[in-house]
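A.B. asks: Have a look at this prediction, sequence included:
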Protein chains: 4
Amino acid sequence: MFTYRHRVQFYETDLMGIVHHSNYLRIFEEARVAWAHDRGLIEYQTPESAFQLAVLETKVKHLAPAKFGDEVLVHLQVRQERARIRFFYRMSVNDKVLSECETLHAALDKDLRPMRPPQKFCEILEKEKWTEI
Amino acid sequence: MFTYRHRVQFYETDLMGIVHHSNYLRIFEEARVAWAHDRGLIEYQTPESAFQLAVLETKVKHLAPAKFGDEVLVHLQVRQERARIRFFYRMSVNDKVLSECETLHAALDKDLRPMRPPQKFCEILEKEKWTEI
Amino acid sequence: MFTYRHRVQFYETDLMGIVHHSNYLRIFEEARVAWAHDRGLIEYQTPESAFQLAVLETKVKHLAPAKFGDEVLVHLQVRQERARIRFFYRMSVNDKVLSECETLHAALDKDLRPMRPPQKFCEILEKEKWTEI
Amino acid sequence: MFTYRHRVQFYETDLMGIVHHSNYLRIFEEARVAWAHDRGLIEYQTPESAFQLAVLETKVKHLAPAKFGDEVLVHLQVRQERARIRFFYRMSVNDKVLSECETLHAALDKDLRPMRPPQKFCEILEKEKWTEI
């Protein structure tokens, strides 16, 4: 599984003293982009390449709070479902699961219209492992 | 149904030219807090009162993008499910639905431990209407 | 002076229990955009119009913290300085000043190159009052 | 000089296709916290230790935009000015300066009241180098 590390920042917390729930989606996006870059799917110098991960749905479960300074690990897996792409994420710190998330994506062109995922995308996704949980 | 208005800000957009998906959860939180304040459940001067809406789960569906300057409406409904509280939201602009969301909450005390929702909370939730959709 | 109201949101706070300092710039941007929209300079349906307020410099002084639920007022004034546009902001709650800010802007075209502020822009700026403070 | 690396994230951009100006303060905060942690001044497990860097003033100059995927470097220097602490930051990518920033801080206790910087803080600050620029 692809793994991403994130250090929780001060500005990610709220007055409950823990990471604000909206910021989990940002950390999961960091992991997704890092994965896509690692696989050669996103070119940082051509931001349009990131459009192919337009977000259709998100689901997040919060099991325990992430806190300022935590170095969290995000394990990520991904699979193609016809024209859509599903990511699953598990965030943990010191082997304690903090959060699980699924995001569903579609490929969109620059005018935000649906398109088939490019062939290169599909080939890479076929090689990814998916473990039912 | 309780309705909340939000003007989409420049800083809520991303390089796709639309509202970043993490910001929908923030707009839904604005609606939830406005509802809770309207019902006398959150005192702005006692931030601890907002802790009783700690987030357990979020689910968001994106149907169409919100854009800079849009004045979006968020319709909100809420019901109690034993020790938990479920909110449903529908965001629209000019009668076009942009997004639907559910969030599930638990009452937590200041030390982030689960507690029964206070009696006042339960009484108010009993009076709220819930429409299956 | 142009005045803008903002209700402080839960997600704008950090673990110190007050509004995170980066969010003041977002609230001042809300005020600036509202002013520009009020004066007919920004069309929400043509986001390019907002590009003419590209940010060159920001300065913020923090005198007292803004807190969750505060309804803050932002007083704004603006003047042209040759090819640049300067905004001054004062944020207060219940007549207590929380923060003062200056931002300096340049007109940029869609390719992020400097351009002269459009004539309409200059005419409107000439009518704005500026009070030395 | 202390140096901090940051990969620009998708969610940090706005519809101009560049990093939103408010996010520079967040990246500079990341650098400041990383410095303070490196010097033993902030314990991630005791968030109160971060309070001693409460923000009084910020000034940011924008020379060129940071973009999605950029790996920016932040060079940081710091000195004590009586009861206050001043940080200077320079953000660059590939030796091109994007932004310069100064932030001024005071030590506050948990109730947000000014206090003298702790002795340990002062001793560490005496050892830091400051280069006039």
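C.D. replies: Right, received. Where do you want to start? Numbers count the residues shown, from 1 in each chain, chains lettered A, B, ... in the order given.
A.B. asks: Quickly check: stretch A:94-103 near chain D or not.
C.D. replies: No: judged by Cβ under 8 Å from any Cβ of the partner chain, stretch A:94-103 stays clear of chain D, getting no closer than 11.8 Å. (Glycine included, C-beta is placed from N, CA and C.)
A.B. asks: So which residues of chain A form helices?
C.D. replies: In chain A, the helices defined using DSSP state H lie at A:21-38, A:119-127.
A.B. asks: ok, residues contacting the longest one?
C.D. replies: By Cβ atoms under 8 Å, 6 or more residues apart in numbering or on different chains, the list of residues contacting helix A:21-38 from outside reads A:2, A:4, A:6, A:12, A:42, A:44, A:50, A:53, A:58, A:60, A:62, A:66, A:72, A:74, A:76, A:78, A:87, A:89, A:91, A:99, A:101, A:103, B:21-23, B:25-26, B:29, B:55, B:58, C:11, D:9-11, D:69.
A.B. asks: tilt between that helix and helix A:119-127?
C.D. replies: Per axes from the mean of the first three to the mean of the last three Cα atoms, to 10 degrees, the angle that helix A:21-38 makes with helix A:119-127 is 100 degrees.
A.B. asks: Show me which parts of helix A:21-38 are buried, residue by residue.
C.D. replies: Buried positions in helix A:21-38, judged by neighbour count with 16 or more other Cβ atoms under 10 Å in any protein chain shown: A:21-37.
A.B. asks: got the helices of chain A as a markdown table, with distance to D:F121 and mean pLDDT columns?
C.D. replies: Output for those, formatted as a markdown table (distance: least, Cβ to Cβ, whole Å; pLDDT from 0 to 100):
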| stretch | distance to D:F121 | mean pLDDT |
| --- | --- | --- |
| helix A:21-38 | 29 | 97 |
| helix A:119-127 | 50 | 92 |
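A.B. asks: Tell me which of the ones you listed lies nearest to C:I133.
C.D. replies: When the helices of chain A are compared by Cβ to Cβ, helix A:21-38 sits nearest C:I133, at 36.1 Å.
A.B. asks: for A:K59, what are its contacts?
C.D. replies: A:C101, A:E102, A:T103, B:E57, B:T58, B:K59, B:V60.
A.B. asks: is it in a bridge, and if so with what?
C.D. replies: Using DSSP bridges, the bridge partners assigned to A:K59 are A:E102, B:K59.
A.B. asks: Contact residues of chain A facing chain D?
C.D. replies: Counting by Cβ under 8 Å from any Cβ, chain A comes close to chain D at A:9-11, A:13, A:17, A:26, A:29-30, A:33, A:37, A:42-45, A:47, A:50, A:67-70.
A.B. asks: So how do I select the buried members of the residues you listed in PyMOL?
C.D. replies: This is how PyMOL selects the buried members of these, with burial counted by 16+ other Cβ under 10 Å:
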select buried, chain A and resi 9+10+11+13+17+26+29+30+33+37+42+44+47+50+67+68+69+70
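A.B. asks: Please tell me how far A:D14 sits from chain B.
C.D. replies: Between A:D14 and chain B the computed distance is 10 Å (Cβ to the nearest Cβ, to the nearest Å).
A.B. asks: That residue and A:H20 touch, don't they?
C.D. replies: Yes: with contacts counted by Cβ atoms under 8 Å, A:D14 reaches A:H20, the gap being 4.2 Å.
A.B. asks: What ranges in chain A fall below the confidence cut-off?
C.D. replies: Of all residues in chain A, none has pLDDT under 70.
A.B. asks: re the thing from before, switch the contacts of A:K59 over to a markdown table, and while doing so, append distance to C:I124 to every line.
C.D. replies: Formatted as a markdown table, the contacts of A:K59 follow (distance: Cβ to Cβ, whole Å):
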| residue | distance to C:I124 |
| --- | --- |
| A:C101 | 46 |
| A:E102 | 49 |
| A:T103 | 44 |
| B:E57 | 48 |
| B:T58 | 42 |
| B:K59 | 45 |
| B:V60 | 39 |
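A.B. asks: I'd like to know which of those residues are buried.
C.D. replies: The neighbour count (16+ other Cβ under 10 Å) marks A:C101, A:T103, B:E57, B:T58, B:K59, B:V60 as buried among the contacts of A:K59.
A.B. asks: Determine which two of these are furthest apart.
C.D. replies: A:T103 and B:E57 (14.3 Å).
A.B. asks: Spell out which parts of chain A neighbour chain C.
C.D. replies: Within chain A, the positions adjacent to chain C are A:F10, A:Y11, A:T13, A:D14, A:L15, A:M16, A:G17, A:I18, A:H20, A:S22, A:F68 by Cβ under 8 Å from any Cβ.
A.B. asks: one more time with 10 Å
C.D. replies: Proximity of chain A to chain C, by Cβ under 10 Å from any Cβ of the partner chain, involves residues A:9-23, A:67-68.
A.B. asks: In strands only, show me these.
C.D. replies: Secondary structure defined by DSSP state E assigns none of these to strands.
A.B. asks: still on that earlier bit, which one among the contacts of A:K59 gets closest to chain C?
C.D. replies: B:T58 (13.0 Å; Cβ to the nearest Cβ).
A.B. asks: Quick check: the closest one touching B:F88?
C.D. replies: No: counting by Cβ atoms under 10 Å, B:T58 stays clear of B:F88, with 11.7 Å between them.
A.B. asks: shared neighbours, those two?
C.D. replies: Residues touching both B:T58 and B:F88 (Cβ atoms under 10 Å, 6 or more residues apart in numbering or on different chains): B:F28, B:C101, B:E102, B:T103.
A.B. asks: quick one, what contacts the third one?
C.D. replies: The contact partners of B:E102, taken as Cβ under 10 Å, 6+ apart, are A:K59, B:F28, B:E57, B:T58, B:K59, B:V60, B:K61, B:R86, B:F87, B:F88, B:Y89.
A.B. asks: separation between it and D:L41?
C.D. replies: 42 Å (Cβ to Cβ, to the nearest Å).
A.B. asks: picking up where we left off before, tell me which two of the shared contacts of B:T58 and B:F88 sit farthest apart.
C.D. replies: That would be B:F28 and B:E102, which, of the shared contacts of B:T58 and B:F88, are the farthest apart (Cβ to Cβ) at 9.5 Å.
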